[in-house]
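A.B. asks: Here is the input, now give the coordinates:
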Amino acid sequence: MKLPTNLHKVSFGLFLCLLLQLMCCLELMASDSPELRRLRAGMDLFPSFLAADTQIRQKKAEDGKLHIALIYNDNPRRAEQQAEHLRQIGKIKNIPLKVQVMRPQDLRKNNELLAGIFITQPHLPQLPKVVHHGKTHSVITFSPFNGDVAQGISGGISVTARILPKVNIPTVKASGLRIKPFFLRIASLYE
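C.D. replies: Numbering: from 1, shown residues only. Next comes the predicted model:
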């Protein structure tokens, strides 16, 4: 029996289709990870945290926008996906947003006034530098990942029967941030 001469092309095409399906399945499985669920929940809560800053209107940059930095270590794609979510929100307190994706070391180089910093990856090696930047520039720092609020990030999430904002009171005080009392009443406080 003679095989068709283009069989290797068909087999290679089939292999590519199967590989693509496998990659899609793995991405879907990864999207169900607790880390990604925390990231999404945090991204949903972050705009409310920014809106709870009583001084948010004074944090507009020269272009009249609130500049937000999404910080990543080695996954810019994930950070860009979260940035797109914020860009779709568009405004906080009727103030337009400018959302930037950057690495922690870029905070030093960035001379723009920031209204908020969101951590998009857990176990960020430069987390102390981000905490320091937030404290010295009175910027809300936010991370949805376990342990980051205890390390000095000003806000995050508390996951119990409900998802609540979590506020690091010593960091908020050291940063000179003023958070609305109502927000603090509904939040889980880290003292």
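A.B. asks: helix/strand/coil for Thr141?
C.D. replies: When classified by DSSP: H, G, I helix; E, B strand; the rest coil, Thr141 comes out as strand.
A.B. asks: Tell me which residues touch it, please.
C.D. replies: By Cβ atoms under 8 Å, 6 or more residues apart in numbering, the contact list for Thr141 reads 116-117, 119, 130-131, 133-134, 152-155, 171. C-beta here means a position set from N, CA and C on the backbone, and glycine is covered the same way.
A.B. asks: which SSE is the nearest residue to it once chain neighbours are set aside in?
C.D. replies: For Thr141, ignoring the flanking residues on the chain, the nearest one in space by Cβ to Cβ, 6 or more residues apart in numbering is Gly134 at 3.7 Å. Using DSSP states H and E, Gly134 sits within helix 127-137.
A.B. asks: For this structure, which segments count as helices?
C.D. replies: With DSSP state H, the ranges of helices along the chain come out as 7-31, 34-51, 76-89, 106-109, 127-137, 169-175, 181-186.
A.B. asks: list the helices and strands the fifth one packs on?
C.D. replies: Counting contacts by 3 or more Cβ pairs under 8 Å, 6 or more residues apart in numbering; DSSP states H and E, helix 127-137 is packed against helix 106-109, strand 116-119, strand 140-142, helix 169-175.
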